[in-house]
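Q: let me see the structure of the following:
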Amino acid sequence: MQEALYYERLDNQKVECLLCPHKCRIKPDQYGHCKTRVNREGKLFTESYGILSAISSDPVEKKPLYHFQPGSNILSIGSFGCNLTCDFCQNCEITQIDSKIFSHHPFRDPEDIVNKAHLHRNNIGLAYTYNEPIVYFEYMIECAALIKQHRLSNVMVTNGYINPSPLEDLFP
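A: Numbering: from 1, shown residues only. Next up is the predicted model:
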């Protein structure tokens, strides 16, 4: 569990999450709409930090990127949760789920994921996918910075439902 980057403390130990436009107001021991952010004693934490539901080497065309390094592979990771609840979601088993389901999954350090990206043949980088990567923002941004340092590519498969400030911090 990692303290969240974008939130404000309110009265009575409530917090307001500022990551996405939902701006969830979360009471102590309650979760936001995404089911990954929890208020613990007046601080907002992300339970999805370093907890992966999926990791796989995929063709880059599956992301779907048509003319971006065709024929290459990319290491794809996902966690759990989403800030939307779409009826047609193809990955609802991991997006609309209680975090306790993943509580037995081991923590994966960002450096471990970058090292894993280097192990895969013909790998061009790291894709944040399977569930909404915005809800594991803190983990994604750490991994992305390391991937960039290694001159590999970052690919984010997202619904784009994010507030301006975190989006600007994501651009570099």
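Q: is it true that Ile74 touches Asn122?
A: No - when contacts are counted by Cβ atoms under 8 Å, Ile74 is not listed as touching Asn122 (9.5 Å). For every residue, glycine as well, the C-beta is placed using N, CA and C.
Q: neighbour count: those two, which is higher?
A: Ile74 (28 against 12; other Cβ atoms under 10 Å).
Q: bridging residues for that one?
A: Asp58 (DSSP bridges).
Q: how near is it to Ala127?
A: 5 Å (Cβ to Cβ, to the nearest Å).
Q: quick check: neighbours shared by these two?
A: Shared contacts of Ile74 and Ala127 (Cβ atoms under 8 Å, 6 or more residues apart in numbering): 58, 60, 63, 155.
Q: and the next helix or strand past the longest helix seen in the chain?
A: Ranked by residue count and defined by DSSP state H, the top helix of the chain is helix 137-149. Heading C-terminal from helix 137-149, the first helix or strand you meet, by DSSP states H and E, is strand 153-156.
Q: so what are the sheet partners of that next one and their directions?
A: strand 123-128 (parallel).
Q: now do the strand it pairs with: everything it contacts.
A: 57-58, 60, 63, 69, 72-78, 113-114, 117, 136, 140, 143-144, 147, 152-158.
Q: which of those count as buried?
A: Among the contacts of strand 123-128, those buried by neighbour count (16 or more other Cβ atoms under 10 Å) are 57, 60, 63, 73-78, 113-114, 117, 136, 140, 143-144, 147, 152-157.
Q: for stretch 50-68, buried residues please.
A: Under 16+ other Cβ under 10 Å, the buried positions of stretch 50-68 are 50-53, 57, 60, 63, 65.
Q: so which residues of this structure form strands?
A: Here the chain has its strands, by DSSP state E, at 2-3, 7-9, 15-17, 25-26, 37-40, 43-46, 54-59, 73-78, 123-128, 153-156.
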